[in-house]
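Q: no sequence for this one, just the structure:
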């Protein structure tokens with residue numbers, strides 16, 4: 001059971017959820033506090049890092065076939 005808690009597919013789902021949450025947070029922050037550019041940049045940077053992690057995990061789980 002402990003293996004399932006740390007599986008790659010589970011981690012991928014968690015990262016996708018966190019990415020979606022950040023999308024919502026960025027949308028709200030840009031609407032409510034458009035002058036807080038530093039906070040928006042930090043959120044967007046975090047979202048990019050998550051996207052990179054998601055891409056790496058996706059490639060690990062479903063590697064491209066050789067040509």
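A: Cool, the structure landed. Just so we're clear, the structure is a prediction, and the values are computed from it rather than from any experiment. Residues are numbered from 1 along each chain as shown.
Q: which stretches of the protein form helices?
A: 2-5, 8-32, 37-61 (DSSP state H).
Q: Quick one: those helices as TSV, columns for mean pLDDT and mean neighbour count too.
A: C-betas here are computed from N, CA, C, even on glycine. Converted to TSV, these look like this (pLDDT from 0 to 100; neighbours: other CB atoms under 10 Å):
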stretch	mean pLDDT	mean neighbour count
helix 2-5	62	7
helix 8-32	95	13
helix 37-61	95	13
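Q: Residue 50 and residue 56: what is the separation?
A: 11 Å (CB to CB, to the nearest Å).
Q: Equivalent analysis for residue 40, please.
A: 25 Å.
Q: Likewise for residue 32?
A: 32 Å.
Q: can you check residue 22 too?
A: For residue 22, the distance to residue 56 - CB to CB - is 17 Å.
Q: again with residue 35
A: Residue 35 is 34 Å from residue 56, by CB to CB.
Q: again, but for residue 30
A: Distance from residue 30 to residue 56, by CB to CB: 28 Å.
Q: next one: residue 38
A: Taking CB to CB, one finds residue 38 at 28 Å from residue 56.
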